[in-house]
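Engineer: Sequence and predicted structure are below.
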Amino acid sequence: MKLIKKILDESKGPKALVIMGVVSFIESIFFIIPPDPFLGLICITKKIKKVLYNILICTFLSVLGGCIAYLLGEKLFELAVHKDVKFITNNIEQISQLKIRLNNETFWLMITSAFTPLPFKIFCISAGLAKVSFLPFLLGSIIGRGLRFLLVGMLAYKYGTKFEEILKSKKVGYLMIGLISFLIIYLYYKWK
């Protein structure tokens with residue numbers, strides 16, 4: 001917890017953009033803390049051009065990290081097949097069927113996963129494991145992450161120092177639970 005507090009404190013200083021950029025990139029691959037609070041902190045009291053610049057940097061690095069996670073998933077699958085990992089090799093047919101289902105929904109799944117608080121990295125690595133089409137993966141990631149970070153940046157810009165209170169409110173928690181529930185229900189009915 002002290003480390004997170006220290007990082008957030010540093011995010012208010014001259015290294016703020018670098019910290020936000022690094023967090024945006026690595027969160028899409030393995031890091032557990034999302035870049036949203038860092039983006040919000042550097043957008044407070046900034047002019048709109050600077051806010052949009054910060055959103056663009058956050059989106060670009062997050063999507064770039066997601067592409068690395070996709071590649072990682074793809075390489076893990078190839079390694080598992082090469083090393084004859086039974087869980088994978090015994091289920092190649094089911095994985096192929098999953099790939100067909102995912103390919104039809106990749107764009108919308110990536111938009112949804114990029115926008116909700118579900119771990120984006122899980123979807124990116126899974127997309128690589130299933131070797132879904134890359135272009136829908138990329139476009140969905142750009143739009144989903146872009147919309148999410150645009151929302152965070154604009155809230156921070158509009159509400160300034162009240163932004164932290166907004167993030168901690170129960171309404172935001174309920175909204176996130178609602179988005180996750182929507183995704184689960186959608187996938188259940190789509191794939192049953």
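Structural biologist: Cool, the structure landed. Residues are numbered from 1 along each chain as shown.

Engineer: tell me the mean pLDDT for stretch 102-116?
Structural biologist: Stretch 102-116 shows a mean pLDDT of 81.

Engineer: what helices or strands is the longest helix along the chain leaning on?
Structural biologist: Using DSSP state H, we find that the single longest helix of the chain is helix 48-82. Judged by 3 or more CB pairs under 8 Å, 6 or more residues apart in numbering; DSSP states H and E, the packing partners of helix 48-82 are helix 16-27, helix 36-43, helix 86-89, helix 120-129, helix 134-159. Just so you know, the C-beta spots here come from the backbone N, C-alpha and C atoms, and that holds for glycine as well.

Engineer: Now do that helix against helix 134-159, angle only.
Structural biologist: 150 degrees (axes from the mean of the first three to the mean of the last three CA atoms, to 10 degrees).

Engineer: got the contact list for the closest residue to Phe77 other than its chain neighbours?
Structural biologist: Spatial nearest neighbour of Phe77, excluding adjacent residues (CB to CB, 6 or more residues apart in numbering): Leu129 at 4.8 Å. Residues near Leu129 by CB atoms under 8 Å, 6 or more residues apart in numbering: 73-74, 76-77, 95.

Engineer: Per-residue confidence, Leu129, what does it come out as?
Structural biologist: Looking at Leu129, its pLDDT is 84.

Engineer: Tell me how far it lies from Ile95.
Structural biologist: 8 Å (CB to CB, to the nearest Å).

Engineer: Please apply the same query to His82.
Structural biologist: From His82 to Ile95 the distance is 15 Å (CB to CB).

Engineer: neighbour-wise, which of these two wins?
Structural biologist: Ile95 (15 against 10; other CB atoms under 10 Å).

Engineer: so where's the protein shaky on pLDDT?
Structural biologist: Counting by pLDDT under 70, the chain contains low-confidence ranges at 1-13, 164-177, 179-180, 183-184, 186-192.

Engineer: what about 80?
Structural biologist: 1-15, 45, 81-104, 115-118, 160-192 (pLDDT under 80).

Engineer: tell me the centre residue of the chain?
Structural biologist: Phe120 (3.4 Å; CA atoms, centre = their mean).

Engineer: Go ahead and confirm it touches Glu27.
Structural biologist: Yes - checked against CB atoms under 8 Å, the pair Phe120 and Glu27 is within contact range at 7.2 Å.

Engineer: Could you list every helix and strand in contact with the helix or strand containing Leu109?
Structural biologist: Element membership of Leu109 [criterion: DSSP states H and E] is helix 92-115. Applying 3+ CB pairs under 8 Å, 6+ apart, we find helix 92-115 packed against helix 120-129, helix 134-159, helix 170-191.

Engineer: now that helix: how far from the chain's centre is it?
Structural biologist: Counting by CA atoms, centre = their mean, to the nearest Å, helix 92-115 is centred 16 Å from the centre of its parent chain.
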